[in-house]
Structures are given as C-alpha cells and as structure tokens.
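Q: Let me see the structure of the following:
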Amino acid sequence: MSTFTGWDYVIVFTYIAASLAIGLRYAGKQKTVEDYFVANRSARWWAVAISAVATGLSAVSYLGVPAWVFQHDLQFYVVIFLLPLIMLIVVYLFVPLLARLRVMTIYEYLEQRFNLAVRTFASALFLLLRGGWLATAIYTQSLLVVELLGWPMWVSVFVVGLLTAFYTILGGMQAVLWTDVMQFFVLIGGILAMLAVVLISFQGDVAEIWSIAADRGNTRLFNFEFSLVQITFWGILLQNFIENLSTYGSDQVMVQRFLTTRNTAEMRRSVLFVGFLSVPIVILLALLGVGLAAYYQQHPELAATLDNADRVVPHFVNTSLPAGLSGLVIAGVFAATMSTLSAGFNSLATATMIDFIQRFRRRAPQHLRHDVRLSRLITFAWALASTIVALFVGRLGTIVEIFGKISGFFSGPILGVFLLGIMTKRCGPGAAMTAIICGFLTTWAISMTHASWLWYGPVGCFTTLLVGWVLGQCYPMKPQQRDEPTSDASDSRP
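A: The predicted model follows:
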C-alpha cells in the first residue's frame, strides 16, 4: 500500500517551485554566449564543486547504487576511495591546460593541438555519450514516478525532462550552478532519511544488518579473479579509473563547471573538493543498498511484491517510509535527476554551439544576442531528443549497466586522444585522428563479444593511446606543427 500523502506532495511541489524560482531569478540576464555557458567565469569554487558532485549523483547513482548492491555486492564501489587520487591527476594534467587556454569547450584544445577534424570527432562522441547518459537519467527517474504515482512511463519521462529544460533554458549556467547547490542538500536529506528508517527498523543494530546482508552475499568487497566476462576487481578498477579520469578531465559536462571559476587556484580547489566530497556520499548509497538487502530479507511480504530489483528504492519509499519522509526522498531523487539534466542540457548545447555552429559560421559581435537565443533553442532541442531516447534505453539492462555501457563506449577514445595531446610531442593530427577512430572501432568490436562492459572504456582508451603513440614514432610531427596551444583561440572560435 502506498504511503504517499498530501504532505509528501507539498514537499515535492515546494522543491520543484524552488528550482523554477532560481531559474527565473537568472532569466534574461545573459548578454553573451560566455555569460550563458560559463557564467562569465565568475562562480565561486565551492559552488562549482557542489554543482559537479550533484551533477555526478544523478538518479542513476541515487537509485542505481543501492539497487546494484541489493542485487549483487559492494565490490563495484570499493574503488571509490581512488577518486581523490584521480582528482589529483586531473589537477596535474588538465587544470593547467584549462586555465591557460580559457576555452568554452574542452574540445577546442584538440583543434589547437591537432586539427579541426580531431576536435569535431571528439565533440561528436561527447554528444552521443552525454545524450545517452541524460536519457538514462530521465528513464531512471521515471521508474520512481511510475512506482509512486502510477503515471504512464511516457508521461513521467516528458514531465521530468521538459520541466528541467525550462529553468535551464531560462537561466543558463548560473541557474544550473545555484539549483545544483540547493538540490545537493535535498538529495543528501533523502539518503539520510532512508538510512534512518532502515536503522530504526533494526533498533540501530548495524551488526545485525551487516550479518543478514552478508548471508545473502551483499557485503563481498573483492573478487580478485581475472575475467573478461565476469565482474571482477581488476575490471572494476580499470573501468573506474578510466571513467572518472575521462569524466573530470575531458568531459564537457564536468569541465564546463570548472571553466566557470575565477582563476587557476579556485579551479584547482573545486576539482580537489569534488574528489573528497563524492566519497562519503557514494559510501552512504552503497550502505543503503546493504541496509535494503537486510530489510527485505526480514520482510518477505514486501520482497514478494518487488517485481524488479532496479525499483527497490522506489518500492521501499512507497511501502515503508512515513508521511513526509516519502516526499523528501522523492524530492531528493528529483534533485539528483534535475541537477544532472540541467548540467547535461547546458553542456550539450555548449558543445553544439561552440564546436559546430560558431566554429563553422562566423558572426560579428552584434549577433551575440542572437546567439544566446539560438543557444536556448539548442538546449531545448537536446532536452527533447534525450527525453524521447529515454523511452527506449531500458532495454539495455539494469540501471548501472545502461550507464556503464553508454559511458564506456565513448569515454575511452575521448580520454585517449586528450592524453596523446598532453603527454606526447610526436603525435600529429593524422596519427591522432587514426588513433581515436581505431579506439572507437575497437570498443564497438569488443561490445559485440561476451566481454563485460567494464572493459569498454579501458580498451578504447588504451587502443587510442597505443595507435597514436606508434604512429607518432613512425610519422612524427613536423617541427612547425609543434607550437604549444595558447590562450588565443581566435583561429578556432569567432
């Protein structure tokens, strides 16, 4: 029986109204494309960091992490402790580059380092990657709305997607950043509310919860076997390293947040804070999965009504939370999804506008206002496209598998070509273009086998690096091609 009450509706609609109010607060204040996409590079580092964490914690994480642990075990999330180290690598490799170039998309660097073809291909892969990622987030959110409110899936998908698009289109990056900050605290409140209910049901006996979950196999931390087919520690380690390094170093969604900071020092602080802030949140979500495993073991009458393990969080909210807390959790899931969608819509529009439209159609300064209007239209177009695709992504598997497959398919080659540009001097434009294509095709080939999706990203990245390095040794760049990219991007942006 549903526990969703009038008070829960009040909480959810209050949260939605607050998000829209922030969007309206910044509506119409963007005079240039730089205002709209990077907030005129005036954001505070702590707000940027919280925005990045909120963006990463989409409904895929909010619902997917507990669901994965509920179905499997903890080993997929043990490697979260590596994230601060990965962020140090981002600070060392990517932050100096971003601070020096002051670009609006990270892919502008690839044109300056290699050529226009490499930039365009990498940006196109990003559009496919994050378009699929947003569709997954919308689909995941809709699972909860369908469970609690009984809406048809297509209604839920369109409400979630287009509602978020509304305030993103109005307020640009400033609205995205400040709604993310508000949404971050809402989603944390939802996680803590669910953990509290589980703990109270066991009278606070954490040892009993762990013991029951352990008997079900949900607390296993490591599987050191080596297998290309099964999920093991080595596959998880490599997949996590490549995905996070790609996400925070060469993915426009995250990089665009860092580009809004005022200077290099603030950019560095925001990157490092993301690494340390994300760890406890993922740990809480994983422990929630352990708690739910024990809770459902102790309540077989509830387990009998759970027909899809991916819906364990919505089911728990619908059947076990008291009035008021259900609304808080739903608001938290909305917060997780809307922060992700707003960031994604804005970044997809940025890459489309800067890497394609402005790059191939030069305009005079008097047309900048027109470009802001066009940017809003592009944001809406991506919102609509992602919403439509969300109706079909559920066929790819569980929530975590859907995201892992989409991310691994594209992130490896993108990261590989950036590492070629940053870490090698001999790799030229032809070698880089050949390398990223080979990385993409190799990823596609391995996806046709029985290999686990955990290997998609590592294989794509290492193939790109290997091909680029070998070709760079055989056909090194000519001396006149080796000029360092500078902050003057007049040759790549109007």
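Q: which one's the longest helix in the protein?
A: With residue count as the measure and DSSP state H as the assignment, the chain has helix 153-201 as its longest helix.
Q: What's the first helix or strand after it?
A: Moving toward the C-terminus from helix 153-201, the next helix or strand (DSSP states H and E) is helix 206-215.
Q: helices or strands up against that following helix?
A: For helix 206-215, the helices and strands in contact under the criterion 3 or more C-beta pairs under 8 Å, 6 or more residues apart in numbering; DSSP states H and E are helix 153-201, helix 264-298. Every C-beta, even on glycine, is put in place using the N, C-alpha and C of the backbone.
Q: how about those helices in a markdown table, adding distance to Leu341?
A: Converted to a markdown table, those look like this (distance: least, C-beta to C-beta, whole Å):
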| stretch | distance to Leu341 |
| --- | --- |
| helix 153-201 | 4 |
| helix 264-298 | 19 |
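Q: returning to what we had before: off-centre distance for the longest helix of the chain?
A: Centroid displacement of helix 153-201 relative to its chain, using C-alpha atoms, centre = their mean, to the nearest Å, is 14 Å.
Q: my read: Val312 touches Phe70, true?
A: Yes. Under the criterion of C-beta atoms under 8 Å, Val312 makes contact with Phe70 at 4.9 Å.
Q: joint contacts of the two?
A: Between them, Val312 and Phe70 share the neighbouring residues 292, 296, with contact defined by C-beta atoms under 8 Å, 6 or more residues apart in numbering.
Q: Using PDB, write down the CA coordinates of the lowest-mean-pLDDT helix or strand in the chain.
A: When the helices and strands of the chain are scored by mean pLDDT, DSSP states H and E, helix 33-38 comes last with a mean of 76. Extracted C-alpha coordinates of helix 33-38, given in PDB (Å, rounded to 0.1, in the frame of the first residue of the first chain):
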ATOM      1  CA  VAL A  33      27.300  33.200 -25.100                       C
ATOM      2  CA  GLU A  34      30.000  33.300 -22.500                       C
ATOM      3  CA  ASP A  35      27.500  34.600 -19.900                       C
ATOM      4  CA  TYR A  36      25.100  31.900 -20.800                       C
ATOM      5  CA  PHE A  37      27.500  28.900 -20.900                       C
ATOM      6  CA  VAL A  38      30.200  29.700 -18.400                       C
END
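Q: can you offset everything so residue one is 336?
A: I'll keep to 336 as the first residue from here, and by that count the last item is helix 368-373.
Q: How about residues contacting it?
A: By C-beta under 8 Å, 6+ apart, the residues outside helix 368-373 that reach it are 364-365, 375-376, 439, 507-508, 591, 594-595, 681, 684-685, 688-689, 693, 703, 706-707, 710-711.
Q: Give the PyMOL command for selecting the buried subset of those residues.
A: What follows is the PyMOL syntax for the buried subset of the contacts of helix 368-373, where burial is set by 16 or more other C-beta atoms under 10 Å:
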select buried, resi 365+375+376+439+507+508+591+594+595+681+684+685+688+689+693+703+706+707+710+711
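Q: Now, the contacts of helix 368-373 that are in helices?
A: Those of the contacts of helix 368-373 lying in helices (DSSP H): 507-508, 591, 681, 684-685, 693, 703, 706-707, 710-711.
Q: just curious, which of those is nearest to Val347?
A: Of all the ones in helices among the contacts of helix 368-373, the one sitting nearest Val347 is Asn681; the distance, using C-beta to C-beta, is 23.8 Å.
Q: give the contact list for the closest one.
A: Applying C-beta under 8 Å, 6+ apart, one finds that Asn681 lies in contact with 372, 503, 507-508, 511, 591, 714.
Q: The residue lying closest to Lys740 once chain neighbours are set aside and Arg730: what is the separation?
A: Leaving out its chain neighbours, the residue that sits closest to Lys740 by C-beta to C-beta, 6 or more residues apart in numbering is Trp788, at 4.6 Å. The spacing between Trp788 and Arg730, counted by C-beta to C-beta, to the nearest Å, is 14 Å.
Q: the more surrounded of the two?
A: In this comparison of Trp788 against Arg730, neighbours counted by other C-beta atoms under 10 Å, the higher total goes to Trp788 at 23 against 6.
Q: Surely Thr733 and Gln406 touch.
A: Yes. Because the distance of 7.3 Å satisfies C-beta under 8 Å, Thr733 is recorded as touching Gln406.
Q: Show the average pLDDT along the helix or strand where Leu464 lies.
A: Counting by DSSP H and E, the element that carries Leu464 is helix 451-484. Taken as a whole, helix 451-484 has a mean pLDDT of 85.
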